[in-house]
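S.K.: show me how the following folds:
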Amino acid sequence: MAEAIGEKIARAVGGLAEHGLAVNVEGKGEGRVYRIRGKGCRLTVEVGRRGLSLGFTLDRQEASPELTYHVDTDLYDISDQKQQWFAVEIEDEIASFLGALEGGQVRVSRRPGKAVIVFPRGGGYARVERGRILTSEKHYERLEDAERGDSFLPLLA
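M.R.: Next up, the predicted model:
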């Protein structure tokens, strides 16, 4: 039997709580919002009948956000059986990001004034970088290529 939408996310959030991050859960059943705080980051994960979303904020100084990263089901109505495939893909992506964060695989640039994160995604690595105006995301096959030009450390050790 297939898992209910949100179960993978709930397990991944539980792993973050076990890792020592502060987790606040609002709601239950089909409508939950997880608010997660860790050293240098904040996350909001929403699980509901109409959609799934992850909002990640890198905030090493805890003064102003340095970089944000979002994943969501957009306008797809995931309560519609025809859209379930998309909900499963997005849930996998969110749970994977949360697992990478817990496992120390979300890496952050050490260079002051440079907001960049690198993490495993889709069999490769994503590099999310804040520019002067926009945030960009690029995909790389190898970690070495994704980290080229910067020095990185795990966000959570």
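
S.K.: give me the distance between residue 59 and residue 25.
M.R.: According to CB to CB, to the nearest Å, residue 59 stands 21 Å off from residue 25. The way it works is simple: take the backbone N, C-alpha and C, and place the C-beta from them, glycine included.

S.K.: and those two? which has more neighbours close in?
M.R.: Counted by other CB atoms under 10 Å, residue 59 and residue 25 do not tie: residue 59 has more neighbours, with 18 against 14.

S.K.: am I right that the more buried one is in contact with residue 39?
M.R.: No - contact criterion CB atoms under 8 Å: residue 59 and residue 39 do not qualify, at 9.8 Å.

S.K.: keeping just the C-alphas, turn stretch 38-56 into CSV.
M.R.: Output of stretch 38-56 as CSV, limited to C-alpha atoms (Å, rounded to 0.1, in the frame of the first residue of the first chain):
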residue,chain,number,x,y,z
GLY,A,38,18.5,25.4,13.4
LYS,A,39,21.8,27.2,13.7
GLY,A,40,21.9,29.5,10.8
CYS,A,41,18.7,28.4,9.1
ARG,A,42,14.9,28.5,9.3
LEU,A,43,12.4,26.2,7.4
THR,A,44,8.7,26.1,7.0
VAL,A,45,7.2,23.0,5.6
GLU,A,46,3.5,22.8,4.7
VAL,A,47,1.5,19.6,4.1
GLY,A,48,-2.1,20.0,3.1
ARG,A,49,-4.8,18.6,0.8
ARG,A,50,-4.2,21.3,-1.7
GLY,A,51,-0.4,21.4,-1.8
LEU,A,52,3.1,20.8,-0.3
SER,A,53,5.8,23.4,0.2
LEU,A,54,9.2,23.9,1.6
GLY,A,55,10.6,27.3,2.4
PHE,A,56,14.3,27.3,3.5
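
S.K.: low-confidence ranges, the chain, go.
M.R.: By pLDDT under 70, the weakly predicted segments of the chain are 1-2, 29, 62-64.

S.K.: which residue is nearest the centroid of it?
M.R.: residue 97 (4.3 Å; CA atoms, centre = their mean).
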